[in-house]
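*Asks:* Take a look and give me a structure for this.
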Amino acid sequence: MAESSDFSPGRGRGLVLACALVALAAFPASALEVRIYDVAIVVDIVRPKFQEIIDGFKSVVDARLERDGARAEYRIYDTKTNPATVPAILDALRARKPDLVFVVNSPDAFADRNVSLKLTDPSYRIVSENCIPVQSGVAKEWTRPGGNITGVGVFVQMTSLIKLAKLINPGYRKLVLYGWDRMKDINAWFLADLTAACRAEGIELAEVKWVASAEDEFELYLRLDKLGPECFGIEAISAWVHRDGSYADMSAELPGFIRKNVKRFATFAYDEAAMREIAPAGTCVEWKDLGAQLGEKALRVLGGAKPGDISWDYPRKYNIVLNVAAAKSLGLTVPPSIISAAYRVYTDFDGNFVGRKD
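*Replies:* Numbers count the residues shown, from 1 in each chain. The predicted model follows:
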């Protein structure tokens, strides 16, 4: 990808936000058994960011096991978020009785709802990537999940995103939260977290709107673009269905619509994919480090800790990511101090950036 010398991301990162939550999980003090550990990986569709999570998980687990003269063997089970795949996956896991089940969920926690919740015997030990563990029923609470499961969420705490928006535009006073109405549990999480974040940051949560289709979302953007300059937005999950029930590829349809029609209203993002296409700024999770964080929990479990006694955590590390082309198109000027603190700065809508490449 082309680079430019106009920006120097990475300098003074700590001046803007605490971008790394460094509560590292402790490894078990004693050495693990010298043997082959059987690790089952249940994933809701193997996609690039999920593969990064898996790679980070395996790198931490493999390094520790190798140090102790042991190793792991992995087998991946892809649910494809299709209920028809679940019986065969459950049969395979019950036949294998793996030492550990590692779960990588779609946003609605399909794998945990359909697989983890059916593996209730304490002999199954589960570590899960799931942003809504309580809402999906796999954990009693974040501080002590209970049962045979622990994990890490996938969304950053929204306070960081609101802080970043205020640093870019100190005039922001009102937030609009919106998303797809089918994602009820995720929407509930966003609403609760953003309500607390707005209260802490002195921002009014002016409107909450859940839409039923891509067309409804496009119409919402047109209305939001007429709001005053004190308003900005955060979207939970886009509506990936058209009014006629057909699939809406919002990764392709939404960016084109926004760049053509939205001239003032800024949406701040938690996912770097949005940064490449439409959002001026965001605090984005590092997927591989999220996997490493989950791997550290897995090592604690393999070392004898009870999963249900290990707290469910937020991702410990996230980065400021900017798109100066998106900011300019919305009439925003990103302060140099934020540019210098950014992990990565996109300079156009074609994926070109300066900053870290790993």
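*Asks:* end-to-end on stretch 323-332?
*Replies:* End-to-end distance of stretch 323-332 (C-alpha to C-alpha, to the nearest Å): 11 Å.
*Asks:* which other residues reach it?
*Replies:* Here stretch 323-332 makes contact (C-beta atoms under 8 Å, 6 or more residues apart in numbering) with 7, 168-169, 259, 262-266, 275-276, 278-281, 333-334, 339, 345-349. Every C-beta, even on glycine, is put in place using the N, C-alpha and C of the backbone.
*Asks:* what's the lowest-mean-pLDDT helix or strand in the chain packed up against?
*Replies:* Of all helical and strand segments in the chain, the minimum by mean pLDDT, DSSP states H and E falls on helix 272-277, at a mean of 82. Judged by 3 or more C-beta pairs under 8 Å, 6 or more residues apart in numbering; DSSP states H and E, helix 272-277 is in contact with helix 250-261, strand 281-285, strand 318-323, strand 344-346.
*Asks:* mind redoing it with 10 Å?
*Replies:* helix 48-67, helix 250-261, strand 281-285, strand 318-323, helix 324-329, strand 344-346, strand 353-355 (3 or more C-beta pairs under 10 Å, 6 or more residues apart in numbering; DSSP states H and E).
*Asks:* now the fifth one: mean pLDDT?
*Replies:* I take that to be helix 324-329. Mean pLDDT, helix 324-329: 95.
*Asks:* okay, the next helix or strand after it in PDB with CA atoms only?
*Replies:* Per DSSP states H and E, the first helix or strand lying C-terminal to helix 324-329 is helix 336-341. What follows is helix 336-341, C-alpha atoms only, in PDB (Å, rounded to 0.1, in the frame of the first residue of the first chain):
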ATOM      1  CA  PRO A 336      -1.900  16.900  14.900                       C
ATOM      2  CA  SER A 337      -1.600  15.500  18.500                       C
ATOM      3  CA  ILE A 338      -4.100  12.800  17.600                       C
ATOM      4  CA  ILE A 339      -2.500  12.000  14.300                       C
ATOM      5  CA  SER A 340       0.900  11.600  16.100                       C
ATOM      6  CA  ALA A 341      -0.800   9.300  18.600                       C
END
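*Asks:* For Glu129, give the beta-bridge partners.
*Replies:* Beta-bridge partners for Glu129, by DSSP bridges, are Val104, Val152.
*Asks:* So what's the residue count around it?
*Replies:* For Glu129, the count of nearby residues is 28 (other C-beta atoms under 10 Å).
*Asks:* One more: Leu90?
*Replies:* Counted with other C-beta under 10 Å, the neighbours of Leu90 add up to 16.
*Asks:* Once you drop chain neighbours, what's closest to it?
*Replies:* Take Leu90 and drop its neighbours on the chain: the residue closest to it by C-beta to C-beta, 6 or more residues apart in numbering is Lys118, 5.9 Å away.
*Asks:* ok, now Glu230?
*Replies:* Nearest to Glu230 is Arg173, by C-beta to C-beta, 6+ apart, at 4.1 Å.
*Asks:* next one: phi and psi at that neighbour?
*Replies:* With angles defined as degrees, to the nearest 10, Arg173 sits at phi -130, psi -20.
*Asks:* follow-up on the earlier one: could you write me a ChimeraX select line covering just the buried ones among the contacts of stretch 323-332?
*Replies:* Selection of buried members from those for ChimeraX, criterion 16 or more other C-beta atoms under 10 Å:
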select :7,168,169,262,264,265,266,275,276,278,279,280,281,334,339,345,346,347,349
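*Asks:* could I get the helices and strands packed on helix 272-277 as a markdown table with distance to Ala192?
*Replies:* Output for those, formatted as a markdown table (distance: least, C-beta to C-beta, whole Å):
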| stretch | distance to Ala192 |
| --- | --- |
| helix 48-67 | 24 |
| helix 250-261 | 24 |
| strand 281-285 | 18 |
| strand 318-323 | 19 |
| helix 324-329 | 28 |
| strand 344-346 | 29 |
| strand 353-355 | 32 |
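*Asks:* and those, which one's lowest on average pLDDT?
*Replies:* Of all the helices and strands packed on helix 272-277, mean pLDDT reaches its minimum on strand 353-355 (a mean of 88).
*Asks:* picking that back up, thought the residue nearest to Glu230 was touching Lys166?
*Replies:* Yes - using C-beta atoms under 10 Å, Arg173 is in contact with Lys166, at 9.4 Å.
*Asks:* Overlap of the contact sets of those two?
*Replies:* 202-203, 232 (C-beta atoms under 10 Å, 6 or more residues apart in numbering).
*Asks:* mind checking pLDDT for His351?
*Replies:* Quick fix: residue 351 reads Gly, not His. pLDDT, Gly351: 87.
*Asks:* Was I right to think it contacts Pro255?
*Replies:* No - taking contacts as C-beta under 10 Å, Gly351 lies outside contact range of Pro255: 11.5 Å.
*Asks:* For the stretch 101-250 of the chain, just list every one of the helices.
*Replies:* Counting by DSSP state H, counting those that start in this stretch, the stretch 101-250 of the chain has helices at residues 110-114, 158-168, 184-201, 214-224, 250-261.
*Asks:* Out of these, which is the most enclosed?
*Replies:* Ranked by mean neighbour count, the helices of the stretch 101-250 of the chain are led by helix 110-114 with a mean of 23 (mean count of other C-beta atoms under 10 Å).
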